[in-house]
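> Give me a model of this one.
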Amino acid sequence: MENSAVILDPKRYIPCLRWKQGEYQALMHLSPAARDSILPLIDVAEIGFDFEKREESKSVDEHLTPVAKRVREKWGTNECFVDLHLIGASQRMASGQHPVTFVFDDLRLKGIRAVPVTGINQDSQWQDAIQKAVDDGGRGFCFRINLEDAMKPTLGTVISDLLHKYGRQVEECDLIIDEEAPNFEPLDGFVGLLEAIIINLPYLNRWRSFGVIGTSLPPSLSTLGSGLSIISRNEWLTYKYLIVRLKSTGIRIPSFGDYAINHPEVLTVDPRFMKTKANIRYTINDSWLIMRGRNVRDYSEHRELCSAIVKSKMYNGPDFSAGDKYIFDCAQGIASTGNPTTWRWVGTNHHLVSVAQDVANLAAS
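Numbers count the residues shown, from 1 in each chain. Reported below is the predicted structural model:
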């Protein structure tokens, strides 16, 4: 049985990616150097809904069967965290098998070094399926807790009980605090809250790895006007302030993670009534540059939006990432204006490279 630890430190970036085409295409287009600097947290996407038929668009078997194959094709066999919390707790495969068991059996058969992710609030059937994945995989597991979980006085007891259930020591396991999409402001106040939570975490110095993830990107860009907008990346600003405070007191520093250019909330919206506009999300320093079109569903506007980015002082150049190359080629009329999935992989790919570099530079400073 394989028993290889996942090693994380502040130089390694943890992007949480909802496993849809735009996100896994972004991973596939990463350079080898960029791949080495990240460890993705893969959120297996929710089952879609067919609004015309008023039912789920796929069976759970149809939805989950390609997961391991795509991880192998798009990410390879490298380490990754895998979380199925977006799949309903009552879902079962046609065989009666639990979805967690099905996916992790398939990941293991394909040689993927996947670490199971669980929370502290899942039902007993879920935890039993995680235990099987832990026993069979030999890679430990990862606790993913939100801010509310982290502040519970019973957290230490619950974690101890689950560690005992799984027969694992803390040193074999990882801990991720998922801020989700909180109100970060005022930043000083939020940093103080996060610092207090970290200081009081059970087994703080014993976890195999420890990270925080979150986002300040809104769930929808519909409130933004056409043209250029700037949105502050408060999760990154918070992290930089947090490092300063933790360094000064000698407290363990978590790895940084975010939701790339996505939002953690799952929106169930009938696409027939969505009035989406062409948009490009381009990560810059401590913010996002958002370029948004004028006309509903006129994706040909992407050529104009790309030209505006390329001409701006904030563009990193076509050699920075595969996403940047696509933006440049689209502006020149070489690449297609694409569709929403195209611009999700382009923006995500640029973001992953940009943030991985920022994390490495910050850790080295």
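> could you pull out the strands for the protein?
14-18, 41-43, 49-50, 55-56, 80-83, 114-118, 142-146, 174-178, 209-214, 227-232, 255-258, 277-284, 287-296 (DSSP state E).
> Save those strands as TSV, and put in mean pLDDT, mean neighbour count and distance to Arg245 too.
Where C-beta positions appear, they are placed from N, C-alpha and C, glycine not excepted. As requested, the strands of the chain are exported to TSV (pLDDT from 0 to 100; neighbours: other Cβ atoms under 10 Å; distance: least, Cβ to Cβ, whole Å):
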stretch	mean pLDDT	mean neighbour count	distance to Arg245
strand 14-18	97	23	20
strand 41-43	98	25	25
strand 49-50	58	12	43
strand 55-56	66	12	45
strand 80-83	98	23	26
strand 114-118	97	25	27
strand 142-146	97	21	21
strand 174-178	97	24	15
strand 209-214	96	24	13
strand 227-232	94	14	20
strand 255-258	96	26	15
strand 277-284	94	22	25
strand 287-296	90	18	22
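> Looking at those, which is nearest to Leu163?
Evaluated over the strands of the chain, closeness to Leu163 peaks at strand 142-146, with 9.1 Å, by Cβ to Cβ.
> From the chain's centre, how far out is the closest one? Work that out for me.
13 Å (Cα atoms, centre = their mean, to the nearest Å).
> just for the stretch 251-365 of the chain, where's the confidence low?
The stretch 251-365 of the chain contains residues with pLDDT under 70 at 268-275.
> possible to save the strands of the chain as TSV with distance to Tyr239?
TSV is the format used below for the strands of the chain (distance: least, Cβ to Cβ, whole Å):
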stretch	distance to Tyr239
strand 14-18	11
strand 41-43	16
strand 49-50	35
strand 55-56	37
strand 80-83	18
strand 114-118	21
strand 142-146	17
strand 174-178	11
strand 209-214	7
strand 227-232	13
strand 255-258	5
strand 277-284	14
strand 287-296	14
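> mind checking which of those strands is nearest Asp188?
Smallest distance to Asp188 across those (Cβ to Cβ): 14.6 Å, for strand 227-232.
> what angle do the closest one and strand 277-284 make?
With axes from the mean of the first three to the mean of the last three Cα atoms, to 10 degrees defining the directions, strand 227-232 sits at 40 degrees from strand 277-284.
> Who are the packing partners of strand 227-232?
When contacts are defined as 3 or more Cβ pairs under 8 Å, 6 or more residues apart in numbering; DSSP states H and E, strand 227-232 sits against strand 287-296.
> ok, 10 Å please
Here strand 227-232 touches strand 277-284, strand 287-296, helix 302-311, going by 3 or more Cβ pairs under 10 Å, 6 or more residues apart in numbering; DSSP states H and E.
> Arg206: which of these is closest?
strand 277-284 (33.6 Å).
> Sheet-wise, list the partners of that closest one with their directions.
strand 287-296 (antiparallel) (DSSP bridges).
> Can you show me the CA trace of the strand it pairs with as PDB?
Taking Å, rounded to 0.1, in the frame of the first residue of the first chain, the C-alpha atoms of strand 287-296 are listed here in PDB:
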ATOM      1  CA  SER A 287      -6.800  42.800  -8.100                       C
ATOM      2  CA  TRP A 288      -8.800  41.400 -11.100                       C
ATOM      3  CA  LEU A 289      -9.100  43.400 -14.300                       C
ATOM      4  CA  ILE A 290     -12.600  42.600 -15.600                       C
ATOM      5  CA  MET A 291     -13.300  43.400 -19.200                       C
ATOM      6  CA  ARG A 292     -17.000  43.200 -20.100                       C
ATOM      7  CA  GLY A 293     -18.800  43.500 -23.400                       C
ATOM      8  CA  ARG A 294     -21.800  45.700 -24.200                       C
ATOM      9  CA  ASN A 295     -24.300  43.300 -25.800                       C
ATOM     10  CA  VAL A 296     -25.900  40.200 -24.400                       C
END
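> tell me the pLDDT at Glu195?
For Glu195, the pLDDT comes out at 97.
> Could you tell me how far it is located from Lys247?
Distance, Glu195 to Lys247, using Cβ to Cβ, to the nearest Å: 11 Å.
> Between those two, tell me which one has more neighbours.
Glu195 (16 against 10; other Cβ atoms under 10 Å).
> from memory that one sits against Ile253, does it?
No. Using Cβ atoms under 10 Å, Glu195 is not in contact with Ile253, being 11.1 Å away.
> Common neighbours of the two, please.
Taking Cβ atoms under 10 Å, 6 or more residues apart in numbering as the contact rule, Glu195 and Ile253 both touch Leu242, Arg245, Leu246.
> burial measure for the last one, as a count.
Neighbour count for Leu246, taken as other Cβ under 10 Å: 18.
> contacting residues for the residue nearest to it when sequence neighbours are not counted?
Spatially, and ignoring its direct neighbours in sequence, Leu246 is nearest to Ile253 (5.2 Å; Cβ to Cβ, 6 or more residues apart in numbering). By Cβ under 10 Å, 6+ apart, the contact set of Ile253 is Asp9, Pro10, Ile198, Phe210, Val212, Tyr239, Leu242, Ile243, Arg245, Leu246, Lys247, Ala363.
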